[in-house]
Structures are given as structure tokens and as C-alpha cells.
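> no FASTA, just this:
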């Protein structure tokens, strides 16, 4: 744990190790392959120029690489990492091959002054490079005594800046108005009219001089520009687009662009509409040819984006799925080690399939360590068995080389809804968990303060929770000054999460398809998981006692599990469920237990029992192994085929019954594995009082299928 403590306060954008970068951008290494391809293409273009093939038409080369992702996905960290890696590579190769790549700082258009432009910012950075080259020459590092070359570089830069002023509207107007003779007017007007072309030519000459000062024939040096958060400001879009397309389409320049593509497309659309003064609802609804004006501009923005950032050059930041969140981690080495390239692997930590070491302690492992004794590890983890059947196959994590099954800890995905799907949200919670783990290891922790900090961080890091922040903090729970003062208010949670809409009574309305004020089932389930987690965290060992006899909690859990079962989107599965609703024959609407006779039990009842009865972690472990699509079919009998006298049900196959029994066994096996209990039957025996009827039904059905 000592190594992990170095990660404290790693909040915000930072340089990542290669392993960290690959976690959030799986195609990260491909970026450097792309850069090498740009170098080769540049050499081809230069060869054609020397042969005179491009004398008439100037070559326009788009080397724009897009780092695409939502806010908080980790785009800026990826840019910083690429920038650092390129700089490190240049410093190493400069000693060997005299490479003259130029690496610019990251530019954020939103941070530029109101009157500033992207091109002006680039010219300012170029000026710093020119000044640095002149200082080197004065020290005799390059071109010692060659005053002509030094003066030539400065003159070229000054000429570019001068030409840039000609393309600024304010200066154009002044230049044209200030004349004394007709010849002077014609001369100045000619400069203004040709200013764009002249600026592009002189700008390209300056870039060529900077990246290839020695005029080498085979030169692969490049200038790297980084533009971050292009989607933040709608009014900057026109400037960014014009600069990228008109001035930076050069074989010597590689531009990295990061942002949310959908947001940038919206901003571009608004800018196109604003330029034509058609930001009016009535005008937007008018048809232009076959499309409405708004749709036409949206299509234009989409096509523009394909020119600015070609789809082949786009790299999408990973969306952290529920299954993958448990693998999130932060490197065990310092930022300085990453920047210096001296990061070390740590022996014995989370060995990957290819033998490499992961970047650090995973989120799932850190949760188990930081919350030990507070929250049952089964809340976040699931134990499965994996088998290696031959010596030649790649060995899975946790398996051995002798063809035996071994228990493997995996992520129990559904409880990870308490975390955000972005790297930024996960990073904040990870850092707090890391601090808690370190403090508990040293025996310096204040439990309630640590718990309060963790809960506040979780709520603030996830948008769903942040939208309900006041309700959560005021009505869901209370962290007291002592453990005995801590409370979780299940009644308030149920009233808020499953508050129904007020609707007019209609003949065709279905009681099973109730509509709630929180319409999104994912949002409802996320809030329930938070409530259950808070109860575990605050009540610790008393959690089971608190929820076992709490009728409101039972109803709350029943509604949440019903959401999970009939809305597979919660489990990140795409299925079409035509009818959602069940009749829980063992529980009334007020949460009281009803007596269901064994002879009346069916597979539907068995399924509902293991989804609702007993501990939540057992319910979720069972659900994880359930053949969901097949099980849903037995609940999907069309309403029109049901009458008061008959209840037509989908046929239950032997295969479905067997799969359900296997799911039950795997659920108990997982609980046993997490609690280091080798004998699963002991865990089953401990739950006999809860599931005796279900066990009897399973035994009877198994016996009948065998005979």
C-alpha cells in the first residue's frame, strides 16, 4: 500500500503512463503509428516538390488527429501524455539524429482573450521558437557566424506577422483609407486583395524553415500543435474551422484536436445559422429543397467535421462500462517518473494475460481494501470459476497450468452504478478511497469523517446524483457525530425514487406499467444502489439487522429489482421487452409476506424468489448468471390472450429450468468464494430458512427431469 500512497491528490489532467493511457484509450499506441505515417507522407510530398510535380497547385495535407470523448473522459490527460512522449522522444533523438520537431503548448480556445484568434496565438508561439533559435545561434550551437541565415529566419517571421495584419478586417480598412495618390491606393489595395494567399505562402515557408533549417532532402521533422476543448465556445468555432482548413493544412504540421464531437457539431450548426441571421424558429422550420433549414445546416456541420477531423484520424476515449469500472486504476509511480520515462512495474500486482503489469491497484481491489469491515466485498465483486484445458492456451487470470478450475474475482457490474462513467468521476472517488485505505492502514482514520467525505465525493462525481444532491443529502441519510447517530431513511428514498405521476384514470391503463416522476429506470436503479451502499457503509455489521425487518426497504428493493429485470438496459443489454410486470405471490403491496404453497410454485415464482428474497448481493449474483432473454419470455404473454378464467403462459423448457438452477448454484458459489468458504453447501445451509421452499421445488423438479 505504501507505493499506492504516492497517488494522493492526482486530481485533474496529468501525464499518464502508457498503461494508464491504454486503459482510457485502447488505440493509444496507434497514434504514434499514425504520426510515423505522416512523416512518410511528408517525404513523398517533398520528393514530388523537388521533381517539380507540385509547382502549379499547392498541396493541401490534413494531418488533424481527433481525441474524441465527453466532458471528463480524460482527453486533456491524453493530450498532455502525447505531448510529453513526443518531447521525450525528441530529446533522445536530438542527440542522435539532430531532430528538429517542434512541440507547442496546449491551446484552449476558450482561454484566449475576446479579441484573440487561434492564428494569433500560433504566431505568438512561433515567435518564441524563432527567439529561442536566435539565442542558440548566438551561443554558437548552430550556424555559428552565419548571420545571413539567422537574419533570414527573423525576417521571414516578421514578414508573416506583417502579412497576417493584412487579413485582419480592422487593419484592411485603415490600410485602404490611408493613401495619397492613385498609385498608392492601387498598390495597397493589391496587397489587401492578395493578403490571404500571400499569408498562406509566407506562413508555409516559415514553417518549412523552422522544421528543416538544414534544408535536408530527407527530412521528417514536424510541428505539433495541440488544441483542447474545441467544443467549449460556440463563438470560437468559425475561427477554429477557418484556421484549421485554410492555414494549418500543411504536410509539416500535425494538429491534435480534442473535444466532444456532438457538442462541436451543435456549435458549428449554431454558428452557420448565426452567420446567415436565421436563428428564428419560424425560419428554421422552413423547407429548403427537400430538407428544413436546420437539418440542412446540421448536415453541413457534419460534412465540415469530416474535413476538419477525418474519421480515419479519430480516436475515441473509452466509455467506462459497468464491467470495466472495476479495472480503473492510477499508476503506482510519481508524475515525475512518468515524465522522465522511469516508471517501474511492481512485482506481483494484477498480472495481465500478456505478462505485463497493470498500472496500479484496480478500483475493485481498492474498494475491498479501503472498505474492509465496513462493506461486504460481495457488494462489488463476483467470484467465478475459470478453466484452462490445455497447456497451449493463454492462461486466464486466476487459473493455473494444470487444467484445474480456480476461483477468479470479477466485477459485480450493477453496484458500480454508484460511480460515474467518466475517468474524471472515477478518478475523484479513486483518490478518496486511496486516502481512506492509507489512513486505515496507519490507524489514523476518523471513520465517520472518512465515510462522509466518500459519500460527498460519490454524489458530486456522478451527474445523476448531483442532480438530486439536495434530496440525497437532506432526505436519504444522515451521518451523525457518532455511529449510533447515523441513519438511512428508506421511506424517504422510496417516496422520492418511486414517486408516481398523477394521471387521469383510463380504461386501458395498466397497473403493471406505472409511470414515475423519475422516468428513466437507470436513474431510479442508480439511486437505489446508492441508498443500499450508504446503509452498508453507515450500519456496517448491523446492516443485515436494519434491512431484514424493514418493510419499506423490502418494497424499495422489489421495485428496483423489477426495474433491473424488466429494463435490461440497466444491465447494459439491448432487449425488447413487450410486457413488464410480475405478480409476486409471496409479498403483498404493503411488503408483508404471503404464504405460497409449494404445490402452486412455478419457475416464475422461483425466479422472483431469488431476485427478491435474501441478501441483495445474492440476488444480483443470481441475476448475473440468469438466462435473461429466455426467462423474460415467460413473462411476455400478450395481454389480449389473458382472461379472468385463464392465464396463458409461455412454455417453460427443461433447458431453462436447468439454466436457472445453475444460476442459483453460481450465486451461492460466488458468495462462498468471496467469504473464503470452500464448502458451498454450508452457505446454502445458512440460507435454508429463507429459501427452504425454493430448494424443495428445485429438488422436485430436478428429480422429475431425471426420471
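Perfect, thanks for sending it. Predicted, not measured: the structure shown is a model, and the values here were computed from it.
> which residues of the stretch 451-600 of the chain fall in helices?
463-467, 469-471, 490-497, 521-539, 543-548, 551-566 (DSSP state H, counting those that start in this stretch).
> show me the contact partners of the third one.
Contacting residues not belonging to helix 490-497 are listed as 468, 471, 475-476, 516, 518, 524, 527-528, 531, 535, 547, 550, 552-553, 555-556, 559-560 [CB atoms under 8 Å, 6 or more residues apart in numbering]. For the C-beta atoms, the positions are set from N, CA and C on the backbone; glycine is no exception.
> quick one: distance of it to the chain centre.
When C-alpha coordinates are averaged (CA atoms, centre = their mean, to the nearest Å), helix 490-497 and its chain have centres 30 Å apart.
> show me the shaky parts of the stretch 101-250 of the chain.
Within the stretch 101-250 of the chain, the segments meeting pLDDT under 70 span 140-151, 169-193.
> where do the helices sit along it?
118-138, 147-166, 169-177, 182-193, 195-211, 237-242.
> helices and strands around the longest one, which ones?
So that's helix 118-138. strand 102-107, helix 147-166, helix 195-211, helix 237-242 (3 or more CB pairs under 8 Å, 6 or more residues apart in numbering; DSSP states H and E).
> list the helices and strands the longest one packs on?
Contacts defined by 3+ CB pairs under 8 Å, 6+ apart place helix 147-166 against helix 118-138, helix 169-177, helix 195-211.
> so which of these is nearest residue 372?
Minimum separation from residue 372 across the helices and strands packed on helix 147-166 (CB to CB) falls at helix 118-138, 50.5 Å.
> residues of the closest one that come out buried?
118, 119, 120, 121, 122, 123, 126, 129, 130, 133, 137 (16 or more other CB atoms under 10 Å).
> in JSON lines, list those residues along with distance to residue 31.
Shown next, in JSON lines, are those (distance: CB to CB, whole Å):
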{"residue": "118", "distance to residue 31": "22"}
{"residue": "119", "distance to residue 31": "25"}
{"residue": "120", "distance to residue 31": "28"}
{"residue": "121", "distance to residue 31": "23"}
{"residue": "122", "distance to residue 31": "21"}
{"residue": "123", "distance to residue 31": "27"}
{"residue": "126", "distance to residue 31": "24"}
{"residue": "129", "distance to residue 31": "23"}
{"residue": "130", "distance to residue 31": "28"}
{"residue": "133", "distance to residue 31": "28"}
{"residue": "137", "distance to residue 31": "33"}
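> going by distance to residue 272, which of those wins?
residue 118 (18.4 Å).
> hang on, that closest one packs against residue 110?
No. Using CB atoms under 8 Å, residue 118 makes no contact with residue 110, being 11.3 Å away.
> what about residue 437, which SS state?
Put simply, residue 437 is helix when judged by DSSP: H, G, I helix; E, B strand; the rest coil.
> isn't it up against residue 370?
Yes. Between residue 437 and residue 370 there is a contact under CB under 8 Å: 4.0 Å.
> how about residue 220: what's its closest non-neighbour residue?
In this structure, residue 220 finds its nearest non-sequential neighbour in residue 39, 3.8 Å apart by CB to CB, 6 or more residues apart in numbering.
> how far is the helix or strand hosting residue 691 from where the chain is centred?
For residue 691, the host element (DSSP states H and E) is helix 688-706. For helix 688-706, the gap between its own C-alpha mean and the chain's C-alpha mean amounts to 44 Å (CA atoms, centre = their mean).
> same question for stretch 258-269.
Worked out by CA atoms, centre = their mean, stretch 258-269 lies 17 Å from the chain centre.
> now do stretch 123-132
Using CA atoms, centre = their mean, the offset of stretch 123-132 from its chain centre is 36 Å.
> ditto for stretch 72-84
Worked out by CA atoms, centre = their mean, stretch 72-84 lies 13 Å from the chain centre.
> let me see the ranges of the strands in the stretch 201-350 of the chain.
Here the stretch 201-350 of the chain has its strands, by DSSP state E, counting those that start in this stretch, at 223-227, 253-259, 287-288, 291-292, 314-316.
> now residue 219: closest residue in space that isn't a chain neighbour?
Per CB to CB, 6+ apart, closest to residue 219 is residue 212, 4.4 Å.
> again with residue 243
residue 118 (4.5 Å).
> tell me the pLDDT at the closest residue to residue 447 other than its chain neighbours?
Nearest non-adjacent residue to residue 447, counting by CB to CB, 6+ apart: residue 483, 7.5 Å away. Looking at residue 483, its pLDDT reads 89.
> which residue ranges of the stretch 1-150 of the chain form strands?
Going by DSSP E, counting those that start in this stretch, the stretch 1-150 of the chain shows strands at 64-68, 102-107.
> typo on my end, it should be the stretch 551-700 of the chain
Under DSSP E, counting those that start in this stretch, the stretch 551-700 of the chain gives no strands.
> tell me where the model's unsure across it.
579-581, 583-595, 637-651.
> redo that, cut-off 50
In the predicted model, the stretch 551-700 of the chain carries pLDDT under 50 at residues 639-640, 642-647.
> which non-adjacent residue is nearest residue 107?
residue 227 (5.2 Å).
> what of residue 479?
residue 452 (4.7 Å).
> and the pLDDT at the one you found?
For residue 452, the model assigns a pLDDT of 95.
> isn't it right up against residue 480?
No. Look at residue 452 against residue 480 with CB under 8 Å: they stay out of range, at 10.0 Å.
> who has more neighbours out of these two?
For residue 452 and residue 480, the more surrounded residue by other CB atoms under 10 Å is residue 452, and the numbers stand at 16 against 12.
> thinking again about what came up before, common neighbours of residue 118 and residue 110, please.
residue 236.
> if we can go back for a sec, how about the helices of the stretch 451-600 of the chain, which one is nearest residue 378?
helix 521-539 (10.4 Å).
> so for that closest one, what's the average pLDDT?
97.
> what's the angle between that helix and helix 551-566?
140 degrees (axes from the mean of the first three to the mean of the last three CA atoms, to 10 degrees).
> tell me what helix 521-539 is packed against?
Checking 3+ CB pairs under 8 Å, 6+ apart, helix 521-539 ends up next to helix 447-461, helix 463-467, strand 477-478, strand 487-488, helix 490-497, helix 543-548, helix 551-566.
> go with 7 Å
Counting by 3 or more CB pairs under 7 Å, 6 or more residues apart in numbering; DSSP states H and E, the packing neighbours recorded for helix 521-539 are helix 447-461, helix 463-467, strand 487-488, helix 490-497, helix 543-548, helix 551-566.
> neighbouring contacts of the shortest one?
Surrounding strand 487-488, the residues in contact under the criterion CB atoms under 7 Å, 6 or more residues apart in numbering are 477, 478, 531, 534, 535, 538.
> now those: which count as buried?
477, 531, 534, 535, 538.
> surely the last one and residue 486 touch.
Yes. With contact defined as CB atoms under 7 Å, residue 538 and residue 486 form a contacting pair (4.1 Å).
> next, show the common contact partners of these two.
Counting by CB under 7 Å, 6+ apart, the shared contacts of residue 538 and residue 486 are residue 479.
> buried subset of the contacts of helix 490-497?
468, 471, 476, 516, 518, 524, 527-528, 531, 535, 547, 550, 552-553, 555-556, 559-560.
> what sits closest to residue 298 if chain neighbours are left out?
residue 269 is the one closest to residue 298 (CB to CB, 6+ apart), at 5.2 Å.
> now do residue 472 against residue 432, distance only.
17 Å (CB to CB, to the nearest Å).
> those two: which is more packed in?
Using other CB under 10 Å as the criterion, residue 472 and residue 432 rank with residue 472 on top: 23 against 20.
> find me the pLDDT at the more buried one, would you?
Value listed for residue 472 in the pLDDT field: 96.
> so what's the nearest residue to it once chain neighbours are set aside up against?
Sequence neighbours aside, residue 459 is the residue nearest to residue 472 in space, at 5.7 Å (criterion: CB to CB, 6+ apart). With contacts defined as CB under 7 Å, 6+ apart, the neighbours of residue 459 are 465, 466, 469, 472, 473.
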